[in-house]
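**Student:** I would like the atomic coordinates for the input below:
(one chain, ligands or ions: 1)
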Amino acid sequence: MQYFEWYMNCNQNLWNDIKENADKISETGVTAMWLPPAFKGIGGKDEVGYGAYDLYDLGEFDQKGTIKTKYGSKDEYLDAIVALKQAGIEVYPDIVLNHKMGADAIQTIPATKVDWSDHNKEISGNETVKVATKFTFPGRKGKYSDFVWNWTDFDGIDYNSATNENAIFKFKDKQWGTEVDEEFGNFDYLMGADLDFSNPRVIKECTDWGKWYLEFTGADGFRLDAVKHIRASFYRDWIKTLREQSKKELFSVGEYWSSDVNKLHKYITETDGEISLFDVPLHYNLYSASTDPDYDLSKIFDHTLVKENSSMAVTFVDNHDTQPGQALESFIQDWFKESAYAIILLRNTGYPCVFYGDYYGIEHDNIKPMENLKTLMLIRKEKSYGVQHDYFDYNSYVGWTQEGDEDHINSGLAVVISNAGDGFKRMFVGLQNAGEKYIDALGHCEDEVIIDEEGWGNFSVKGKSASVWVKE
Ligand code: CA
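**Tutor:** All right, here's what the predicted structure looks like:
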């Protein structure tokens, strides 16, 4: 579960909230939690986390106007992690290495301006610029690390304070990293002071920090931010080193934001399959299904990672970037949310991730919690087992069943989704279920389905909704 949304008003108290609720969250079937970036960012107490400033300050030092981060103090963070682990929940912190923001001093250096639309295209000669690239972390005073960042550890920035100019400046003798996304010619540069991952000093510091972070926090894995803007082999080597050193599995999922599944395949190849990826193509299919009344539901898994390389796919419906008002806004419409969650939670492939904003709602935008999300999570935990049969055979009505297995009493299910009117699908749930009575756990259909002697049932669905049929 992703345990935050962009606008959450947590009063620097998220870590305490997690600690208090760890057992309750575990009961819903959550087995791992993606926590927001825990280090001090440029925005101080209001920083969501992606404007990373000091990665060693987990809410411990008076920097950026606050000791605590938006989410709490270092000790509260460590306590929350302990509570989660005691509740049987693994912890995957959000790691932001691509860039830094909020430098402590300005440096005057030579740089070349490049074109916003083609980062490979230089549009000026060398000029002298003033850039925010010196990070000394005066509030931390060298605790944990005495590494000081300066401009040679970065390859570019988007602001020249000598002229108040917003433009991408590539530093003298620097090249953008290779093995990155190719949008804008080369998408190494995203924002802030962009780390130079061809610099051995930077690689060593990031690796040293990763080792420190693991030991200090006891994290079980990672959510890696903005991986398409970082040389693929850097993260490949980084995670391999940390796994060897910690002897832990360190499940890791990268945010490669692209709806093109081939780019995801390429990254997985470049990283030797060490890093799973969010199934962004599936997210966009779900979004299209929710917004296009003529969407062909039989194609919902076309060109998705969960279909083409399921063991590497972390499936999700929405996240802090796709929610209303955010950079990648593409929020799955309300009427399709149950269907979307059934699609990620109740199938035998993919590693699903539930979004905090769907579970608890998003107060900032008056979005209510999803009424049936907890029910769907519990069905995953208790009933989503056994051989699966797919019926993605009609454009406006699709479904699937799982037969259930002997290890889970009364397990098995049948899902039907409609983006048109009321209807039903005739589906096979297993001979062993002949004579069983199924009801709609989501409460949309009130009839009962009795499985015939050959193991088939007629499972109905209301228009523009999903029904999840389970044994009564
Ligand atoms: Ca970069």
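**Student:** Counting by contacts, list what the strand or helix carrying residue 277 packs against.
**Tutor:** Per DSSP states H and E: residue 277 is located in strand 276-278. Counting contacts by 3 or more Cβ pairs under 8 Å, 6 or more residues apart in numbering; DSSP states H and E, strand 276-278 packs against strand 251-254, helix 261-270, strand 313-316. Where you see a C-beta, it was placed from the backbone N, CA and C, and this is true even at glycine.
**Student:** need the ones you listed in TSV with mean pLDDT, can you?
**Tutor:** Formatted as TSV, the helices and strands packed on strand 276-278 follow (pLDDT from 0 to 100):
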stretch	mean pLDDT
strand 251-254	98
helix 261-270	98
strand 313-316	98
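**Student:** just to revisit the earlier point, quick one: average pLDDT of the strand holding residue 277?
**Tutor:** Here strand 276-278 scores 98 as its mean pLDDT.
**Student:** Residue numbers of the stretch 1-150 of the chain in contact with the ion?
**Tutor:** When proximity is defined by Cβ under 5 Å from the ion, the stretch 1-150 of the chain lies next to the ion at residue 98.
**Student:** hmm, who's touching whichever helix in the chain runs longest?
**Tutor:** Assignment by DSSP state H gives helix 200-217 as the longest helix of the chain. Here helix 200-217 makes contact (Cβ atoms under 8 Å, 6 or more residues apart in numbering) with 38, 55-56, 58, 77-78, 81, 91, 93, 95, 97, 144-145, 147, 153, 195-197, 219, 234, 237-238, 241-242, 245-246, 248, 250.
**Student:** Can you tell me which of those end up in strands?
**Tutor:** Within those, residues falling in strands by DSSP state E are 91, 93, 95, 195.
**Student:** on that earlier part again, roughly how far out does the longest helix of the chain sit from the chain middle?
**Tutor:** Distance of helix 200-217 from the chain centroid (Cα atoms, centre = their mean, to the nearest Å) equals 22 Å.
**Student:** Kindly compare burial across the helices and strands packed on strand 276-278 and name the winner.
**Tutor:** Mean neighbours per residue, mean count of other Cβ atoms under 10 Å, is largest over the helices and strands packed on strand 276-278 for strand 313-316, with a mean of 25.
**Student:** Where does the prediction get shaky in the stretch 101-250 of the chain?
**Tutor:** Along the stretch 101-250 of the chain, no part satisfies pLDDT under 70.
**Student:** List of residues touching stretch 128-145?
**Tutor:** Contacts to stretch 128-145, defined as Cβ under 8 Å, 6+ apart, come from residues 53-54, 56-57, 60-63, 100-111, 148-151, 153-154, 157, 159-163, 169, 171, 193, 205, 208-209, 212, 216.
**Student:** Spatially nearest residue to residue 46, not counting backbone neighbours?
**Tutor:** Leaving aside its sequence neighbours, residue 46 sits nearest to residue 70 (Cβ to Cβ, 6 or more residues apart in numbering; 6.2 Å).
**Student:** my guess is the one you found meets residue 51, correct?
**Tutor:** No: counting by Cβ atoms under 8 Å, residue 70 sits too far from residue 51 to count as a contact (11.0 Å).
**Student:** Which residues are in contact with each of these two?
**Tutor:** The contact sets of residue 70 and residue 51 overlap at residue 43 (Cβ under 8 Å, 6+ apart).
**Student:** Comparing these two, which residue is more hemmed in?
**Tutor:** It is residue 70, of residue 70 and residue 51, that has more neighbours when counted by other Cβ atoms under 10 Å, with 26 against 20.
**Student:** quick one: pLDDT of that one?
**Tutor:** 98.
**Student:** Tell me who's in contact with it.
**Tutor:** Counted by Cβ under 8 Å, 6+ apart, residue 70 has contacts 10, 12, 14, 36, 43, 45-49.
**Student:** any idea of the mean pLDDT for stretch 283-301?
**Tutor:** For stretch 283-301, mean pLDDT rounds to 98.
**Student:** now swap in stretch 15-25 and tell me
**Tutor:** 98.
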